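whatever this is, show me its structure:
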Amino acid sequence: MKFKELYEKGLDRKVNPAVSASDLSDETVLTEIVEYVFTPEIIVNLYKILLNVKQNQGSHVGIWINGYYGSGKSHFLKYASYCLSGNKEHREMAFIRLQEATHSFLMNDTDLTVLEQAGVSESELASLKKWYIDSANVEMVLFNIGDVHDANADSKTTFTKIFWNQFNAGRGYNSFNLALAQHLEKALDDDGKFEEFKEYVRSKGYDWERTSQDSLQAALIWHSGLQRMSTLDLPRMSYAQGF
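Next up is the predicted model:
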């Protein structure tokens, strides 16, 4: 028997060296869900995340995933994202694998206590799955922090800026200039005038989605548009005066 014949999966198949948040190809998603290796601790922590998202504990919204380099933090986070995914097929696949792994461990007495103490049961997971598949409305902003990190940014505010910028990008706002996103685009959007504003900019020969990445050019466009603000009826645009 040859060495490669000992393995269920082919040794010559493509295997990603690291998990990437942006890689959502069908092949990658299938591999990352089907071949994910569960432990009782992973099941418990996935259960806690999924349960708390459902219960919406507003005063405790932060989750910190800690572990050594190469310990599987990114893969764990991405698997959790599949369970929360807006793609119903991905969400259902992830829950089925989680249920299968839970069933397997619950059949083993040595692992029974670990799961039971955390309140994990097949019926609880079935209930969570039903809610996430049939009722949940979850929006995610998933990104590789290394891809969006500005090496020249102030280290004290780096993470805050990254989270804000990616959150704004997910809402369709500027992902580089926080003031522009919060005090101009959001204010316009809140008043139902953002699309009208972008259309006005487009009529002047500019593409706001592209031009707004250049803060100076965006400022000039904004300044040229001030004369038209009265027709847009924007009571909240005074917030943008500091831009």
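
pull out the buried residues from the lengthiest helix in the chain.
In the chain, with assignment by DSSP state H, the single longest helix is helix 88-106. For helix 88-106, the neighbour count (16 or more other Cβ atoms under 10 Å) marks 90-95, 97-99, 101-102, 105-106 as buried. The C-beta positions use only the backbone N, C-alpha and C, and glycine is treated the same way.

how about stretch 105-121?
Buried residues in stretch 105-121, counted by 16+ other Cβ under 10 Å: 105, 106, 111, 115, 118, 120.

so which residues of this structure form helices?
26-34, 40-55, 73-84, 88-106, 109-117, 122-134, 145-148, 158-170, 178-179, 186-190, 194-203, 208-211, 215-225, 229-232.

what is the third one packed up against?
Looking back up the chat, that one is helix 73-84. Packing contacts for helix 73-84, counted by 3 or more Cβ pairs under 8 Å, 6 or more residues apart in numbering; DSSP states H and E, involve helix 26-34, helix 40-55, helix 88-106.

let me know the angle separating the longest one from helix 40-55.
With axes from the mean of the first three to the mean of the last three Cα atoms, to 10 degrees applied, the angle from helix 88-106 to helix 40-55 works out at 130 degrees.

how far does helix 88-106 sit from the chain's center?
On the basis of Cα atoms, centre = their mean, to the nearest Å, helix 88-106 sits 20 Å off its chain's mean C-alpha point.

tell me who's in contact with residue 50.
By Cβ atoms under 8 Å, 6 or more residues apart in numbering, the contact set of residue 50 is 80, 83, 84, 128, 132.

quick one: contacts of the longest helix of the chain?
Here helix 88-106 makes contact (Cβ under 8 Å, 6+ apart) with 29-30, 33-34, 36, 38, 40, 43, 46, 79, 82-85, 111-112, 114-115, 120-122, 125-126, 128-129, 132-133.

let's see it at 7 Å
Outside of helix 88-106, the residues within contact range by Cβ atoms under 7 Å, 6 or more residues apart in numbering are 29, 33-34, 36, 38, 40, 43, 46, 79, 82-83, 85, 111-112, 115, 120, 122, 125, 129, 132-133.

domain boundaries for the protein, per the record?
Here the domain parsing of the chain from automatic domain parsing is 3-134, 145-242.

got these as CSV, with mean pLDDT columns?
Shown next, in CSV, are these (pLDDT from 0 to 100):
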stretch, mean pLDDT
domain 3-134, 87
domain 145-242, 73
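
what about residue 70, how many neighbours?
For residue 70, the count of nearby residues is 8 (other Cβ atoms under 10 Å).

ok, it to residue 159 distance?
From residue 70 over to residue 159 the distance is 22 Å, taken as Cβ to Cβ, to the nearest Å.

from residue 88, how far off is the closest residue to residue 77 other than its chain neighbours?
Closest residue in space to residue 77, ignoring its immediate chain neighbours: residue 65 at 5.9 Å, by Cβ to Cβ, 6 or more residues apart in numbering. Computed as Cβ to Cβ, the residue 65 to residue 88 distance reads 25 Å.
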